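> The following comprises the amino acid sequence and a computationally predicted model.
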Amino acid sequence: MSDIEQESNTDGEEQTISPREAELQEQIETLKQEKLDLNAQIEQIKGFMDKYKQLSTENHNILTENGKLKRDIDDLQHRLQLSSETNKDLENQLKLEKEHHDQIRSAEYATMTEHVQTTKQNFQNKIDQLQKELEAAKQQLSSKDVETKLLKSKNDRLIQSSSRYFAEKFTNVDNLIEKFENGPDMRSMQRQAQQTPSSPSGLKSPAASLNNDNQVQALKQKNAMLKDKIYDLQDQIANLKDQLKKSNQENKREVNKLQAELDAANQENAMTKENHEHEVNDLINQLKNLKAEMKEKEKEQKKENDEDDIVVVGTRDVNPEEEKNSEDELKEQHEKIQEIQERHLQEITYLQKEVREKLNAAEEKIQELEAEKAALMQELKEATDNLEDSKSIINALQAKIDSLNLLNENYSQQIGKLREILLKKQEMQNQEEEEKPENQAEQEMNKLIEQLEQKVNELSQELSEAQLKNSELVNEGNELKGENLDLKHKLEDAEDKVKELEAEAKYRDMKQQTVQETQIPPSGWQFSSFPDELQIVIDKIAHNDALQDASKVQAIYRQINDYFTKEIEKRDEKASKANKDLSDLKEKISPIIVDISIALLQTASTLDQVIEDQGAKLLDAIKRLSKENDRLSTENNKMQGVIEGIGDVFEIEPESNDELVNQVAQFKQYIEVLADKLQKTQEKVKNMKVQRQNEIAESEQKYDELEQENTKLLDQTDILKAQLDQTKSQLNKTQQQYNEMTQHLSAEISERDITLDDKVEEERTQIITNMKSKFEDEKSQMNEEIKNLKSKQVELQSEANKLNRTISELTAENDKLKSEITNQQKEFDTYKSTTEERFDKEKNEMKNHYDATIKALGQRCSELSEDIANFAEELTQSEVKYNKLQKEKQTLIEDKRKLNEEKKRIQSSVEREKMLAEALAKTKIIEEQASSNEKLLLQKMKFEDEKKKLMNYFADKFRNFFSPMKPIDDHEYRFGVEKAFDEYKKLLAADEKIRKLLNAKQGQTTPDAVAQIIVNNDIKLQ
């Protein structure tokens, strides 16, 4: 009976436990529902917060974009205004300069035309006067010649009549005068009386003698007067010649002056100079002809006198003594005539010497003028060289200006990015660092903004000034480019001419080498190491009998040069392609290598550095990574096995007793129910932990992102500071160069024209005042914008504070939820302890009835409790390991973040260095182009000098083919060369004809053939 009562009591107690469990389950379910509601509310709050954050970020982005657009619009408007004003100023300056230049040109042209016309008129008047004076001198000479002829005829008649009268021979009037002075000879008078009978004419002889004396004296006076007139006329002729020479010299001087001033006037003056020289030569020839005519007339008069003497001697009988006297008198007269002629010849030679000396002096002056002209040409060359130097300087400045423009654009972009980043950074700092005072951050931001604005304004001012200078220099550069193109065309023409001359010279050298040279054998033209294609070409040239050895060698050298140049070009192309492929591979591999080196070695290293130094380190790091990966994978597998084993349920083997089996099954069912509840609660706890960990991870990610942005901003600020320092140094350098250039240009401009300096300074001061006013306006606008930004910053700070408050509230709610979860866990533990106590009580009661079964069940329960304890310990250990793994994961994430930051920083630095390198490369390219242009110009100048030397040398050697009156230019040089070539062809043709006539052998020279024929003829004659 006792057993039956005990069983009934146990059944009642089980019935009483079931409603409690139901209540507990209901409480648990209500708690679950409340927890779910709370989770749903938390998720809603999170969704609202995310939406709020998205809206705030979008609003912030819109505000930043709006501010950026406003700033861009203001900058563009400001640039538009500046560019329009500069364009207007430049257009006005261009108009003024054009008008001034046109006025100066028109005035110079008018003065030049007037000066040329006046000089032409003066020259024409002088020429007319000289022609009139020459005609008058010719008329006077002709009249004086007639008078001299009449006087000579009268003298001859007088001498003849006196010789007849006195029966004596008189050679000169002087002899007759001496006869009259000595008195009459009585013997002659008697003879005359005997010969001639008394007649009326004989009575008149004394009177006739007196008349003859008077006539003789009159004739002497006339002769002296005529001689004086002749001397006067000769002096006049000499003076006229001097005047002509002086006028020629003046003409030459004026022509040289006009030549320097105007090319057209130079040509006209050269033509007038040639005309004057031709006229002077004509006049000199006319004078020479007149002198020749005078000499011929004198000879004719002498002949007539001789004939008269012969007639007189033949008409009368003369004694031998008289004949001797007459011969002596004739000799004396002839000697006197010779003396007169010699005296006149001496005078003429003296005049000729004077004329020659004056001509030599004129030629010396002409040479001096030519030397001055050469000096002027040298100065002109120096001026062109200076222009080229200025052009190179302009190109260098242009390159620097372009690089500054690029840097300014880059800096403006970076400054815009920096502004955005600073705004973001300010917001993040307000969210993260509440301890910092707001005024200090605002002051720092304001200082940074003001510094950046000042630098931007300075850069914009310098850029505008550089653009103005650039426009001026570009105009000068365009003018110089035009001149450079003309010079290039001339140089190309000259090169073509030189090539033609070289070809002609080679052709002549080939023709002149008539002597046969020693032939090289065919084996001498072969070389085993040459390729087959080249050897075939060489064999063709070698077997050509028409070519000589020298021409064969030249042709073979040319073919070898062409072949190997082509081979070198092909190999260069292959090498360039290989270099390009290598560079492409490097570009593709280098970012991967940089990422790997940052991840493994914590230092950014390029591909070259890896190849040189850090290749072994990278391999070691990769090996270590692979080992760590294997170790972690094994541990992960172990942990996964443990976690899977924990979820398994321990099953008990059934015994033979049916009751025991039923009780064990009930107990098993009860334990399974408890295990299910435990699993559910554990799953809930896990889910809560996962949610908490997710929230913590999200917050950590946000914190990491904020730290990344902070580091990025710091790096960018450092970079910008470095860039600003570089720009300051570059701007200082450019400012120094600009100051030097301005000083140099101002010195040159002040030397050229002071008035233009005043105008430029006035315009410059006006521009500076305008720029200052605009700068002040822009500064005020910027200050207003800064104030607006400050107000927006304050608003954003207030919003950030609100957000921080909401975040603190949410964290408090989260803490409450955590405390509730801990309370629930404690309640669950208490519930568990109570259930275990009740289970122990039931076990003790069951021990009394069924000791064996209870012992077995107790043992099994103890085993289960031990397993549960082990399971709990393993859970704690797994949690510890999990926490360690989380920490390691966080450290790895932080390392990864740092590496990403370093990667971005390195990429930004690489991009910046790349941009700087591109700018430097552009400047270097432009400088190299300028230097190459300078070298080209120097080579062109040298080529022109050598060309002129060659032309002058050729003209000196072949003077017969060039006119000294014309300057030696390309046309004259070509014309002279063609003449010389034609003459050379004629000589060659004549030489060939002579060689054919002489039957000269091949390789035998013509002098040798001629000498051989002469020797053969001499042998035949002998």
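Yep, it's here. Numbering: from 1, shown residues only.
> And stretch 952-964, what's buried?
Neighbour counts over stretch 952-964 (16 or more other C-beta atoms under 10 Å) mark Phe954, Ala955, Phe961, Phe962 as buried. In short, each C-beta sits where N, CA and C put it, glycine included.
> Just the CA coordinates for it, please, in CSV.
The C-alpha trace of stretch 952-964 is given here as CSV (Å, rounded to 0.1, in the frame of the first residue of the first chain):
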residue,chain,number,x,y,z
ASN,A,952,83.5,84.7,-103.1
TYR,A,953,86.3,82.2,-103.5
PHE,A,954,84.8,81.0,-106.8
ALA,A,955,84.3,84.6,-108.0
ASP,A,956,87.9,85.5,-107.1
LYS,A,957,89.2,82.5,-109.0
PHE,A,958,86.9,83.0,-112.0
ARG,A,959,86.8,86.8,-112.3
ASN,A,960,86.2,86.7,-116.0
PHE,A,961,82.7,85.2,-115.4
PHE,A,962,81.5,87.8,-112.8
SER,A,963,80.9,91.5,-113.2
PRO,A,964,82.5,93.6,-110.4
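> Need the contact partners of it.
With C-beta atoms under 8 Å, 6 or more residues apart in numbering as the test, stretch 952-964 has contacts from Ile968, Glu972, Tyr973, Gly976, Val977, Lys979, Ala980, Glu983.
> Is there a neighbour count for the third one? I'd like the number.
Around Tyr973 there are 21 other residues, counting by other C-beta atoms under 10 Å.
> Could you do the first one as well?
Other residues lying near Ile968 total 16 when counted by other C-beta under 10 Å.
> isn't it right up against Leu950?
No. With contact defined as C-beta atoms under 8 Å, Ile968 does not reach Leu950; the gap is 10.6 Å.
> that older thread, want to try JSON lines for the buried residues of stretch 952-964, with distance to Asp676, secondary structure and pLDDT as columns?
Formatted as JSON lines, these follow (distance: C-beta to C-beta, whole Å; DSSP: H, G, I helix; E, B strand; the rest coil; pLDDT from 0 to 100):
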{"residue": "Phe954", "distance to Asp676": "121", "secondary structure": "helix", "pLDDT": "80"}
{"residue": "Ala955", "distance to Asp676": "124", "secondary structure": "helix", "pLDDT": "78"}
{"residue": "Phe961", "distance to Asp676": "128", "secondary structure": "helix", "pLDDT": "77"}
{"residue": "Phe962", "distance to Asp676": "127", "secondary structure": "coil", "pLDDT": "73"}
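> Dump those to CSV, plus distance to Ala292.
Shown next, in CSV, are the buried residues of stretch 952-964 (distance: C-beta to C-beta, whole Å):
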residue, distance to Ala292
Phe954, 39
Ala955, 35
Phe961, 33
Phe962, 32
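> Closest one to Thr113 out of the residues you listed, please.
Among those, Phe962 lies closest to Thr113 (C-beta to C-beta), at 33.4 Å.
> Can you report phi and psi for the closest one?
phi -130, psi 140 (degrees, to the nearest 10).
> measure it to Glu944 for me?
Phe962 sits 19 Å away from Glu944, going by C-beta to C-beta, to the nearest Å.
> export the contacts of stretch 952-964 to TSV and tack on pLDDT?
Output for those, formatted as TSV (pLDDT from 0 to 100):
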residue	pLDDT
Ile968	74
Glu972	80
Tyr973	81
Gly976	82
Val977	84
Lys979	84
Ala980	84
Glu983	86
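> Could you export the residues you listed as JSON lines, including distance to Glu683 and secondary structure?
Formatted as JSON lines, those follow (distance: C-beta to C-beta, whole Å; DSSP: H, G, I helix; E, B strand; the rest coil):
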{"residue": "Ile968", "distance to Glu683": "112", "secondary structure": "coil"}
{"residue": "Glu972", "distance to Glu683": "112", "secondary structure": "helix"}
{"residue": "Tyr973", "distance to Glu683": "109", "secondary structure": "helix"}
{"residue": "Gly976", "distance to Glu683": "115", "secondary structure": "helix"}
{"residue": "Val977", "distance to Glu683": "111", "secondary structure": "helix"}
{"residue": "Lys979", "distance to Glu683": "118", "secondary structure": "helix"}
{"residue": "Ala980", "distance to Glu683": "116", "secondary structure": "helix"}
{"residue": "Glu983", "distance to Glu683": "121", "secondary structure": "helix"}
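> Kindly indicate which of those lies nearest Tyr882.
Comparing the contacts of stretch 952-964 against Tyr882 with C-beta to C-beta places Tyr973 closest, at 100.0 Å.
> Name the nearest residue to the closest one, ignoring sequence neighbours.
Distances taken as C-beta to C-beta, 6 or more residues apart in numbering place Met951 nearest to Tyr973, at 4.8 Å, with adjacent residues excluded.
> Name the SS class of that neighbour, please.
helix (DSSP: H, G, I helix; E, B strand; the rest coil).
> For burial, what's the neighbour tally of it?
For Met951, the count of nearby residues is 21 (other C-beta under 10 Å).
> Narrow the contacts of stretch 952-964 to just the buried residues.
The buried subset of these (16+ other C-beta under 10 Å) comprises Ile968, Glu972, Tyr973, Gly976, Val977, Ala980.
> Verify the stated contact: the second one with Lys979.
The reference is to Glu972. No. Counting by C-beta under 8 Å, Glu972 does not reach Lys979; the two are 10.4 Å apart.
> what helix or strand does Glu357 sit in?
Take DSSP states H and E as the rule and Glu357 turns out to sit in helix 320-432.
> quick one: Ser529 from Gln535, how far?
According to C-beta to C-beta, Ser529 and Gln535 sit 10 Å apart.
> more neighbours, those two?
Gln535 (15 against 5).
> Show residues contacting the helix or strand where that one lies.
Assignment of secondary structure by DSSP H and E places Gln535 within helix 532-542. Contacts with helix 532-542, where a contact means C-beta under 8 Å, 6+ apart, come from Pro522, Trp525, Gln526, Phe527, Phe530, Leu547, Lys552, Ala555, Ile556, Gln559, Ile560, Tyr563.
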